[in-house]
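Trainee: Mind looking at a prediction? Sequence and model below.
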Amino acid sequence: MIQQSQAIGVDVEVAVAGAGPAGIGTAVALARHRPELARAGRIVCFDKARFPREKPCGGGLTGHARRALDELGLSVRVPSVPCGAGRIVYGAETRTVMLGRPVEVVRREEFDADLVAQARALGVRVIEGEGIAAHRIDAAARSVTITTSEGRSLRARVLVAADGASSRIRKDLTADDPRSPTRPLQLFKMEVPAPRPFPPEMIYDFSPMLEGLRGYVWLFPVSGDRLNVGAMHTPSRKLGGAQIVRILGNTLARHGVSVPTARGWPAWPYAPGGRIAGPHVLCVGDAAGIDALTGEGIAVGLEHGLLAAEAIGQALETGDFSFLDYGAVVRRATVGRELALDRHLARRIYARRGYTFWLSLVMFDRRVAELYAARVCGSKVLADQPASLYAALARHALAAPVRMRRLARAARGMVTTV
């Protein structure tokens, strides 16, 4: 039972809607900086699901994710497959990019459940099977009143929206915000038995763009001789769920993989100018926006959690719960700068027309591949490499005609297996 403190007039200091990496990251960072709050049960995460639960994600722990986990003092205690290479596919063309540090591919069901266990060991209260259904800001009481899906009501100083892409809290914040995205990304994912021994590499197949997809299909090996497979589609072109599932099936068949079905989820891309905070409320993880280029959410959520915890700590000390600067703090941080760059790139690579100019840059410019590999490993911040990126674009302006013809030949020469 949540104990009410008459001294400060709230039931908890911080209520977190959602117990995925973003919500747990926020709660754990707070618990480490303010352990007295955790000991008193005044940091509480609510999640409508019970763990383990399904999540549409490739499950790759990049260098940024590992750095954030280290900063939070969290460990990877579940089985993983270290992938030391990424393979980019378009038609009959394949490019393999070696990674300086392997990306560990985990099952999100196992990974998220273990993060919950680690948070509980630190004193964070995690309530499963009960989400946050509604909230109301009480300006006079300088708090937020929360109603849970079980009909309980409680008051908190801060409400953290970590409840994913379908966040009701985010919808309330952005209802009148013209800068927020109006159409979501579409993610489809499932896990299947590997039809044959799969090398420890991540496959990103852009061939489905020939069928109208504006995104890619992924194949990542996971423990137990299984594959995490899925598709990401951006809203630059309208496709129905059945069309995306068909394209996903066609693509996987070329890799010798059969998919009986796949479940789809919407996901909102990060918008640098979009509203992600308000009085007593702030958003993290998918609720604040995922990576529009790759769909990555784990590193983004963990990094958001660290920033949110710092903002909440300052608010608890100063009594200023407006969070007016939170959006700017996220934009200036590494995670915000990388998300803004990827949003810029996604608009070009996943454009309705003319995408071959940009995709041929990714496929055939060795320096671009090396830069992105360094970014995935966490050794470089791509947003801090403007000179290298502009130099690559200048090279591409000269080489593009040849590269684009090569890409066209790759499309014509698509084979049944890659």
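Mentor: In hand now; what should we look at? Everything quoted here is computed from the prediction, not taken from an experiment.
Trainee: From here on, just use CA atoms for contacts and neighbour counts.
Mentor: Fine.
Trainee: and stretch 180-191, how far from the chain's centre?
Mentor: Its chain's C-alpha centre lies 11 Å from the corresponding centre of stretch 180-191 when counted by Cα atoms, centre = their mean, to the nearest Å.
Trainee: what ranges do the strands span in the stretch 201-350 of the chain?
Mentor: For the stretch 201-350 of the chain, the strands defined by DSSP state E, counting those that start in this stretch occupy 201-205, 215-222, 226-233, 263-267, 277-278, 281-283.
Trainee: Direction included, what does the shortest one pair against?
Mentor: To tie it back to what came earlier, the one meant is strand 277-278. Strand 277-278 has its sheet partners listed here by DSSP bridges as strand 281-283 (antiparallel).
Trainee: quick one on the thing from earlier: which of the strands of the stretch 201-350 of the chain sits closest to residue 18?
Mentor: Among the strands of the stretch 201-350 of the chain, the nearest to residue 18 by Cα to Cα is strand 281-283 (10.8 Å).
Trainee: What mean pLDDT does that closest one get?
Mentor: Across strand 281-283, pLDDT averages out at 97.
Trainee: go on, stretch 17-34?
Mentor: Mean predicted confidence for stretch 17-34 is 96.
Trainee: For the strands of the stretch 201-350 of the chain, which has the smallest mean pLDDT value?
Mentor: In terms of average pLDDT, strand 263-267 trails the rest of the strands of the stretch 201-350 of the chain, at a mean of 87.
Trainee: Give me the residues contacting that strand.
Mentor: The contact list for strand 263-267, computed with Cα atoms under 8 Å, 6 or more residues apart in numbering, reads 56, 164-166, 184-190, 241, 286, 289-290.
Trainee: same check, this time on stretch 348-363
Mentor: With contact meaning Cα under 8 Å, 6+ apart, stretch 348-363 is reached by 88, 95, 214-215, 234, 236-237, 368-369, 393, 396, 400, 403-404, 407.
Trainee: Equivalent analysis for stretch 109-116, please.
Mentor: By Cα under 8 Å, 6+ apart, the residues outside stretch 109-116 that reach it are 19-21, 24, 51-55, 74, 76-78, 126.
Trainee: Domain map for the protein?
Mentor: Residue ranges for the domains of the chain, per automatic domain parsing: 12-80+105-181+269-338, 185-266, 352-412.
Trainee: got these as TSV, with distance to residue 345 columns?
Mentor: As requested, these are exported to TSV (distance: least, Cα to Cα, whole Å):
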stretch	distance to residue 345
domain 12-80+105-181+269-338	7
domain 185-266	12
domain 352-412	9
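Trainee: hey, which strand is longest across this structure?
Mentor: strand 93-106 (DSSP state E).
Trainee: what comes up buried for the helix or strand following that one?
Mentor: As assigned by DSSP states H and E, the chain's next helix or strand after strand 93-106 is helix 108-121. Going by neighbour count (16 or more other Cα atoms under 10 Å), the buried part of helix 108-121 is 108-116, 118-120.
Trainee: And for stretch 138-153?
Mentor: Buried residues in stretch 138-153, counting neighbours by 16+ other Cα under 10 Å, are found at 142-149.
Trainee: Could you look up the SS state of residue 409?
Mentor: Here residue 409 is helix, with the state taken from DSSP: H, G, I helix; E, B strand; the rest coil.
Trainee: mind showing which ranges of the stretch 1-150 of the chain have poor pLDDT?
Mentor: 1-9 (pLDDT under 70).
Trainee: Swap in 50 and give it another go.
Mentor: Scanning the stretch 1-150 of the chain with the threshold set as pLDDT under 50 gives 1-8.
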